[in-house]
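Trainee: predicted model and sequence follow; I will ask about them next.
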Amino acid sequence: MNAVPRPQAIPAHGSRLAALNDWVAEVAALTQPDRIHWCDGSDDEYADLLAQMVADGTLLPLNQDTHPGSYLHRSHPDDVARVEHLTFVCTRERDDAGPNNHWMAPREAHAKMDALFDGCMRGRTLYVIPYCMGPIDSPLARCGVEITDSPYVVANMRLMTRMGEAALARIEREGDQGKPFVRGLHSIGELDPDRRFIMHFPEELSIKSYGSGYGGNALLGKKCHALRLASWQAREEGWLAEHMLILGLETPAGETHYIAAAFPSACGKTNLAMLIPPEAYREKGWKVWTVGDDICWMHPGKDGRLWAINPEAGYFGVAPGTSAATNPNALATIQHDTIYTNVAVTDDNQPWWEGLDDRVPALDWQGRPYDAANGPAAHPNARFTVSARQCPSWSPRAEDPQGVPISAIVFGGRRATLMPLVFEARDWAHGVQVGASMGSETTAAATGQVGVMRRDPMAMKPFCGYHFGDYFAHWLSFDKPGAKLPKVFHVNWFRKGDDGKFLWPGFGENIRVLEWIVGRVEGRAHGDGGGHSVGILPAEGAIDLAGLPPVSPALFRVDEQEWQAEKDSVADGLRAMGYPQEPEDG
Ligand code: GTP
Ligand code: SPV
Ligand code: MN
């Protein structure tokens, strides 16, 4: 604690909601900012923020002829991804956070964080960001307020959430009815990895994040609110907050099925959500509509189905690998009004990353002249932030206050071996087991080793805000009389052959798997009868491979002996994450 006498706290008075004003005043008294700015979400405000960040070097304008309204941010080289080892769930009882989370007692965590926040905004502006996760008039949407000293975070939150006056009005209206809003306090601090923590207090609906300006560490509406706190709320209230994309698949018959898919970070959600079918499929009338690319909130509806909203309004997507061949919709989306973080640039100042095209970059993500000896030109977790509405496949149903009905849930991971291209779970309970058994190779989306197989149930290992055992039980509880639950599937786009190359072409060709999935939902497509423990595999010929180079039959089979070993590994993994029971045989 510092001994310097404090100036009078700056009066807040930005809202008619006393609880909000009081909190802002309290935070200002602790953090000692020079100024307080209440964000209204307007175009003018956004333009001012951008201009200010260009002036102080936080943002670098990109080539405005090719990428109008687009900027580059180079983050601190020690601040490039989520930090799972510094992320905590702080519940009164340690057991409520579960072995799947790092835990700290709330009192200790608050003391630690308040010491870090003490005086940290001197010389800075404190921004108050009222935001709504989900369509502003949706009963399924939830609101929060993030306080931050980072204008970069404000600009990103404006693209990623419904931020500003409309959200504030809803927060005030709900406040009048005694409904709380999520309180997220964030400071970039000194960007020192040794003074960095992301703390969650689900019992208080609050977040304290210090020392990082990057992605899920700092844009508190995303993983902190919409997954860790929301998963906790969802369990209390009977719904699901999941790390899933949502897409609408329009069939040649003109029907649109909504599919939610959980893949771990950097394992293909954005790509699948924006899939463009190959020409032969387009001609037949197949089309993919993008509802969301990262987070899905699903509520059981009166009709027994699960209804889903995307709580986000933008994409914070992985840049490397994005190209006209892999994800043309994403590429079209990010041609203008996009914030790029940690990409390289070409000699005419266009954003560039590995996999985009064969141009040679001029400067790498740290602004150094490109030298292959320094590693990739773009950081492997380089990202773009952009409004979802700029996506050519954006679904207007993303604004539907009721959400969309989910026909199928798909789990999947990055598995070089064993896991077949696709299989179907026998029923809901088996589907929950399939999700709980997920494994995937780690990626650059979080700091730490890349390419290591780990268990990542439902792609929620880093994001479930409570005990995994309770989480699986919560999933199972949806199977009740009257429920019309989605069918559950598992996919793997990442199986490799002996030559180390992917066996499946992936990307647009993944429509062939989606076709089988909706065929199963509609009761048309054939399975193999499910005569083995993995689940229901496609019947021979049931997946259309016409026009593809020869595809290895190994992709559609499971080696029973390897599968037994997988089951042992799953059981070990689940035990380590606190699941109290042995997984059922199968
Ligand atoms: P987060 O935003 O971290 O949650 O990631 P995500 O799940 O949205 O992953 P994304 O779609 O951004 O893909 C991550 C990487 O996987 C990119 O480099 C993609 O090019 C690559 N990828 C996506 N789909 C496929 C596929 O079908 N096959 C192959 N081989 N690679 C893919
Ligand atoms: C992920 O890691 O799953 C992301 C990126 O979507 S971040 O917002 O940094 O969490
Ligand atoms: Mn994600």
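Mentor: Here it is on my side, so go on. Numbering: from 1, shown residues only. Ligands and ions are numbered 1, 2, ... in the order given.
Trainee: Ile309 and Arg142 touch, don't they?
Mentor: No: assessed by Cβ atoms under 8 Å, Ile309 is found out of contact with Arg142, at 10.1 Å. C-betas here are computed from N, CA, C, even on glycine.
Trainee: who touches both of the two?
Mentor: Gly134 (Cβ atoms under 8 Å, 6 or more residues apart in numbering).
Trainee: near ligand 1, which residues of the stretch 451-586 of the chain?
Mentor: Contact residues (Cβ under 6 Å from any ligand atom) of the stretch 451-586 of the chain with ligand 1: 493, 502, 506-507, 510.
Trainee: among the residues you listed, which ones are buried?
Mentor: 493, 507, 510 (16 or more other Cβ atoms under 10 Å).
Trainee: out of those residues, which is nearest to Ala446?
Mentor: Using Cβ to Cβ, Trp493 is the member of these that lies nearest Ala446, at 20.2 Å.
Trainee: among the residues of the stretch 451-586 of the chain next to ligand 1, which pair sits farthest apart?
Mentor: Farthest pair in these, by Cβ to Cβ: Phe502 and Asn510, 12.0 Å.
Trainee: list residues touching both of those two?
Mentor: Residues touching both Phe502 and Asn510 (Cβ under 8 Å, 6+ apart): Trp493.
Trainee: now the residue in the stretch 351-500 of the chain that ligand 3 sits nearest to. Nearest residue, chain neighbours left out?
Mentor: Closest contact between the stretch 351-500 of the chain and ligand 3, by Cβ to the ion, is at Ala445 (6.8 Å). Sequence neighbours aside, Ser265 is the residue nearest to Ala445 in space, at 3.4 Å (criterion: Cβ to Cβ, 6 or more residues apart in numbering).
Trainee: make sure I have this right: that neighbour is in a strand.
Mentor: No: going by DSSP: H, G, I helix; E, B strand; the rest coil, the assignment for Ser265 is coil, not a strand.
Trainee: you'd agree it is up against Pro462?
Mentor: Yes: at 7.4 Å, Ser265 and Pro462 qualify as touching, with contact defined as Cβ under 8 Å.
Trainee: the two: who's more crowded?
Mentor: Ranked by neighbour count (other Cβ atoms under 10 Å), Ser265 and Pro462 place Ser265 first, with 25 against 21.
Trainee: what is the burial count for the residue of the stretch 101-250 of the chain found nearest ligand 3?
Mentor: Relative to ligand 3, the nearest point of the stretch 101-250 of the chain is His243 (5.8 Å; Cβ to the ion). Around His243 there are 25 other residues, counting by other Cβ under 10 Å.
Trainee: grab the nearest non-local neighbour of Arg359.
Mentor: Nearest one to Arg359, counting by Cβ to Cβ, 6+ apart, is Thr346 at 5.5 Å.
Trainee: pretty sure that neighbour is touching Asp364, no?
Mentor: No: counting by Cβ under 8 Å, Thr346 sits too far from Asp364 to count as a contact (11.6 Å).
Trainee: neighbour count winner among these two?
Mentor: Asp364 (23 against 20).
Trainee: list residues touching both of Ser265 and Pro462?
Mentor: 82, 446.
Trainee: ok but Val154 is inside a helix, no?
Mentor: Yes: checked against three-state DSSP, Val154 lies within a helix.
Trainee: who's in contact with it?
Mentor: The contact partners of Val154, taken as Cβ under 8 Å, 6+ apart, are 39, 49, 127, 129, 148.
Trainee: among those, which are in strands?
Mentor: 127, 129, 148 (DSSP state E).
Trainee: tell me how many other residues crowd the first one.
Mentor: The reference is to Tyr127. Using other Cβ under 10 Å, Tyr127 has 23 other residues around it.
Trainee: ok and the residue in the stretch 301-450 of the chain nearest ligand 1?
Mentor: Gly321 (2.4 Å; Cβ to the nearest ligand atom).
Trainee: so what's the closest residue to that residue other than its chain neighbours up against?
Mentor: The spatial neighbour of Gly321 that comes closest, neighbours along the chain excluded (Cβ to Cβ, 6+ apart), is Gly355 at 4.3 Å. Each residue near Gly355 by Cβ under 8 Å, 6+ apart is listed here: 320-323, 326.
Trainee: closest one of these to Thr290?
Mentor: Compare each of these with Thr290 using Cβ to Cβ and the shortest gap goes to Thr322, at 14.4 Å.
Trainee: sec struct for Gln561, please.
Mentor: Per three-state DSSP, the secondary structure class of Gln561 is helix.
Trainee: run a quick neighbour tally on it.
Mentor: By other Cβ under 10 Å, the residues close to Gln561 number 8.
Trainee: what do you get for Lys302?
Mentor: Neighbourhood size, Lys302 [other Cβ under 10 Å]: 7.
Trainee: do the same with Pro180
Mentor: Pro180: 15 neighbours (other Cβ under 10 Å).
Trainee: go ahead and confirm it touches Leu205.
Mentor: Yes: between Pro180 and Leu205 there is a contact under Cβ under 8 Å: 5.5 Å.
Trainee: sorry, back to before: tabulate the contacts of Gly355 (JSON lines), appending distance to ligand 3 and pLDDT.
Mentor: Below are the contacts of Gly355 laid out as JSON lines (distance: Cβ to the ion, whole Å; pLDDT from 0 to 100):
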{"residue": "Pro320", "distance to ligand 3": "15", "pLDDT": "98"}
{"residue": "Gly321", "distance to ligand 3": "15", "pLDDT": "98"}
{"residue": "Thr322", "distance to ligand 3": "15", "pLDDT": "98"}
{"residue": "Ser323", "distance to ligand 3": "20", "pLDDT": "98"}
{"residue": "Thr326", "distance to ligand 3": "18", "pLDDT": "98"}
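Trainee: now the most centrally placed residue in the chain: closest residue in space, sequence neighbours ignored.
Mentor: For the chain, the residue lying nearest the average C-alpha position, counting by Cα atoms, centre = their mean, turns out to be Asp294 (3.7 Å). Once flanking residues are discounted, Asp294 sits nearest to Lys269: 6.0 Å by Cβ to Cβ, 6+ apart.
Trainee: ditto for Ser393
Mentor: Nearest non-adjacent residue to Ser393, counting by Cβ to Cβ, 6+ apart: Thr290, 4.5 Å away.
Trainee: can you classify the one you found as helix, strand or coil?
Mentor: What three-state DSSP gives for Thr290 is strand.
Trainee: so what's the residue count around it?
Mentor: 27.
Trainee: same question, Asp56
Mentor: When counting by other Cβ under 10 Å, one arrives at 9 neighbours for Asp56.
Trainee: tell me which parts of this protein are close to ligand 3?
Mentor: Within the chain, the positions lying close to ligand 3 (Cβ under 5 Å from the ion) are 265, 294.
Trainee: enumerate the residues of the chain near ligand 2.
Mentor: Proximity of the chain to ligand 2 is confined to 82, 215-216, 222-223, 265, 294, 316, 445 under the rule Cβ under 6 Å from any ligand atom.
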